[in-house]
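Visitor: prediction below, plus the sequence it came from.
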Amino acid sequence: MILSGKTAVITGSTSGIGLGVAEELARAGADVVLNSFTDRDEDHALAADLARRHGVTARYIAADMSDATACRGLITQAGACDILVNNAGIQHVAPIEGFPTAKWNLILAINLSSAFHTSAVALPMMRAKGWGRIVNIASAHGLTASPFKSAYIAAKHGIVGLSKTVALETAGQGITCNAICPGYVLTPLIEAQIPDQMRVHNMDRDTVIRDVMLLRQPSRQFATVEQIGGTTVYLCSPAADQVTGTTISVDGGWTAL
Ligand code: NAD
């Protein structure tokens, strides 16, 4: 299997895209480290389940990605990090003049600064092996904007810029750094919004998905966590050895509009 012998650390990987990415990396043979800020039995059970189904080593390490020391500690505690997927992210929606400063700081910390801290510790490990992959989960909102999501959009544009800088600092060293820019992906987070949207718009599920949620996604179909995972595996494959410092959109045509 193409990723046998590699260790992947995926931040924010107890649900949604992070868990989907971990699943596909494990399927490709990578040992995986799952992460979130909680430390519950079910978090560790997720890792045990991945290990059992894919025959890899899987661990769960609790670390709060809003905290610089914890971000750095996650990579140190993992002990190895050949593949780093910076995925942890949160959202808050409000106009700028009413946007709480605490929320702005938290979103910038989790969605952007965490990737700076984890990368800073992982890069020497990657350089020592002459191989490494950093995959930052940005968003279509890393390339375009929408109103009322100022912190999220600033952070996602920021992580696209950080990806380019890391790519330049590692060029020719067997290390690549790229950002995946998903459009809407049907994760538990998004699924939970559907009943509210149906109520507010007085529409059935299919209509609210097509005409409200996926209005800017020309395919009018959600991307899936498996597709984001598959794109990550591609970026870790030899076919992508010269793909660095760029973005890959998985957005059903959103950014072509
Ligand atoms: P999700 O809420 O299902 O998963 C987020 C994960 O991050 C969870 O495991 C959560 O426990 C973890 N997390 C939250 N705060 C954390 C913290 N302080 N420390 C450590 N872990 C923390 O969300 P998702 O939809 O899977 O989103 C994952 C990433 O993908 C985010 O960066 C998000 O911005 C990005 N994204 C999502 C979509 C989408 O439509 N779902 C689209 C584009 C980009």
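Guide: Looks like it came in fine. Treat the numbers as computed from the prediction; the structure is a model and nothing was measured.

Visitor: tell me the residues of the chain that contact the ligand?
Guide: Along the chain, the residues adjacent to the ligand under the rule Cβ under 6 Å from any ligand atom are 12-18, 35-37, 64-66, 87-90, 110-111, 137, 139, 182, 184-185, 187-190. Using the backbone N, CA and C atoms, a C-beta is placed for each residue, glycine as well.

Visitor: among those, which lie within strands?
Guide: Mapping those onto strands (DSSP state E) picks out Asn35, Ser36, Ile137, Pro182.

Visitor: most surrounded residue in the residues you listed?
Guide: Per-residue neighbour counts (other Cβ atoms under 10 Å) across those peak at Asn35, which has 32 neighbours.

Visitor: quick revisit: show the buried residues in the residues of the chain next to the ligand.
Guide: Among the residues of the chain next to the ligand, those classed as buried by neighbour count (16 or more other Cβ atoms under 10 Å) are 12-14, 16-18, 35-37, 64-66, 87-90, 110-111, 137, 139, 182, 184-185, 187.

Visitor: out of the residues you listed, which are inside helices?
Guide: Within these, membership in helices is found for Gly16, Ile17, Gly18, as judged by DSSP state H.

Visitor: hang on, the second one packs against Ala138?
Guide: No: with contact taken as Cβ atoms under 8 Å, Ile17 and Ala138 are classed as non-touching, separated by 11.3 Å.

Visitor: just the strands in the stretch 101-250 of the chain please.
Guide: Ranges of strands within the stretch 101-250 of the chain are 132-137, 175-182, 247-250, based on DSSP state E, counting those that start in this stretch.

Visitor: give me the helices and strands touching the last one, please.
Guide: Meaning strand 247-250. Under the contact criterion of 3 or more Cβ pairs under 8 Å, 6 or more residues apart in numbering; DSSP states H and E, strand 247-250 touches strand 175-182, helix 225-235.

Visitor: fine by me, thanks again.
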